[in-house]
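Colleague: Need a 3D model of the following:
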Amino acid sequence: MPEVITEIFEAPVDPGDPGWTLADVVDFDEADFAEMSAVDAGRFIAAADQLQAMVQAQKMRAMQRYRTAARDDEWTHDMLALRRNVSLARSAQDLALAEDLCERLPRTLGALSAGLLDESKARQIAQAASPLSGEQCAEFEARIYPTILGKTPWQVARLARTTVIKVDPEGASTRAELTKRSRKVERHAAEDGMAWLHAFAPAERVQAAYQRIDTLARGLGADDERSMDERRADVLFDLLLGTRQSSVVTHVYVTLTAETLLGLDSLPGELRGY
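Modeller: Below is the predicted model of the structure:
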C-alpha cells in the first residue's frame, strides 16, 4: 500500500495489500487507456473504486471536524452547501453521516478508510443503525463485520436491518408499531401521460398483495403478448377498479427460529422475499 495512504488511514479493519499504488490510479493519460486490455481496465476500475472510498473516508473526517469547529455558527450548513455546490438537504445529510461514522460507527469508518466499503453502503449501514444507542452500535458492528464486506447493496441493507432487530428486538417491535401509523398511498405524475401509484404498508400485506397480482398475471396464458410487468400493472388496476374478480389464495411464508416458537426470545420472523 502507498506510504502516504498507510500514514493517513489508521483503520480498525485490516485492508491487506490492495495490489496497486497511488501512481497506478492517477498517473494515466489518454494513450495509456487506449492500449489497456480489458483485464487491466477491470483492475484499474476496482483500484479507482477503492481509492474513491478511501478519499470519502477522509472527507467524512473533515466534515466531522467542520461540524464541531463551526458548531456555534448558525450558517454552518449554508456555507458548506454553497462551497460544495449542493443543496442544504444534501449537506445536512452528509454532515449527519460524518457524525455517525466518526462517533458511533468506527468499524464502518475503518472499512471505508481501507477501501473495503463504499460510501453508499456506509450510508446504508448508518441509516439502519440510526435508532441504536452507542452501546448497541458497538454490538451491531461486532455482529456485521467482517460478513458484510463484499456484499451487494441489497444484501448490505438486509443484513444491517436484520442485525438491528437482533440487537434491539424490543425497540424494533415498538418502531414497527409506530411506523404502521404512517401507512399511506401517494400518486406522482410522470412523463408521456403516465403516473406512479405508491403504497406504504406493512410488509406482510404488501407481500400478499404482490403475490396475488403476480399469480393472476402469470395465469393469463402464454399467448398474451404483454410483458409480465405490463400484465402485473393491468391486473393491479383491474382489481382496484373492480373490473376483475378473483378467488386466488395467496400464501405469505414467515420463518421463525426454534427459540421464538418456544417463547424463549422475542425476535420477529423473517418474511420470505423481504
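
Colleague: Averaged pLDDT, stretch 68-87. What do you get?
Modeller: On average, the pLDDT along stretch 68-87 is 87.

Colleague: chain center to it, what's the gap?
Modeller: In terms of Cα atoms, centre = their mean, to the nearest Å, the centre of stretch 68-87 is found 26 Å from the chain centre.

Colleague: buried stuff in that stretch?
Modeller: 76, 77, 80, 81 (16 or more other Cβ atoms under 10 Å). In short, each C-beta sits where N, CA and C put it, glycine included.

Colleague: again with stretch 191-211
Modeller: Neighbour-count burial for stretch 191-211 [16+ other Cβ under 10 Å]: 206, 207, 209, 211.

Colleague: Those in helices, which ones?
Modeller: In helices, judged by DSSP state H, the following of the buried residues of stretch 191-211 are found: 206, 207, 209, 211.

Colleague: Tell me the pLDDT of the last one.
Modeller: Read it as residue 211. On the pLDDT scale, residue 211 gets 93.

Colleague: what do you get for the first one?
Modeller: Residue 206 is assigned a predicted lDDT (pLDDT) of 94.

Colleague: what separates it from residue 213, distance-wise?
Modeller: As judged by Cβ to Cβ, to the nearest Å, residue 206 and residue 213 stand 11 Å apart.

Colleague: Can you work out which other helices and strands pack against whichever strand or helix holds residue 233?
Modeller: Applying DSSP states H and E as the criterion places residue 233 in helix 228-240. Secondary structure elements in contact with helix 228-240, counted by 3 or more Cβ pairs under 8 Å, 6 or more residues apart in numbering; DSSP states H and E, are helix 203-218.

Colleague: Tell me how far the helix it packs on lies from the chain's centre.
Modeller: Put simply, helix 203-218 sits 24 Å off its chain's centre (Cα atoms, centre = their mean).

Colleague: counting contacts, what elements does that helix pack onto?
Modeller: Short answer (3+ Cβ pairs under 8 Å, 6+ apart): helix 203-218 packs on helix 228-240, strand 270-271.

Colleague: Mind listing what's buried along the helix holding residue 233?
Modeller: For helix 228-240, the neighbour count (16+ other Cβ under 10 Å) marks 231, 232, 234, 235, 236, 239 as buried.

Colleague: Check the spacing between the residue nearest to the fifth one when sequence neighbours are not counted and residue 72 real quick.
Modeller: So the one you mean is residue 236. Residue nearest to residue 236 in three dimensions, not counting chain neighbours: residue 213, with 5.4 Å by Cβ to Cβ, 6 or more residues apart in numbering. Here residue 213 is placed at a distance of 54 Å from residue 72 (Cβ to Cβ).

Colleague: With residue 63 instead?
Modeller: Applying Cβ to Cβ, the value for residue 63 to residue 72 is 17 Å.

Colleague: Buried residues, the host helix or strand of residue 140. List them.
Modeller: When elements are defined using DSSP H and E, residue 140 is found to belong to helix 134-144. For helix 134-144, burial by neighbour count (16+ other Cβ under 10 Å) applies to 136, 137, 138, 140, 141, 143, 144.

Colleague: Let me have those in JSON lines, extended by pLDDT.
Modeller: As requested, the buried residues of helix 134-144 are exported to JSON lines (pLDDT from 0 to 100):
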{"residue": "136", "pLDDT": "97"}
{"residue": "137", "pLDDT": "98"}
{"residue": "138", "pLDDT": "97"}
{"residue": "140", "pLDDT": "98"}
{"residue": "141", "pLDDT": "97"}
{"residue": "143", "pLDDT": "97"}
{"residue": "144", "pLDDT": "97"}
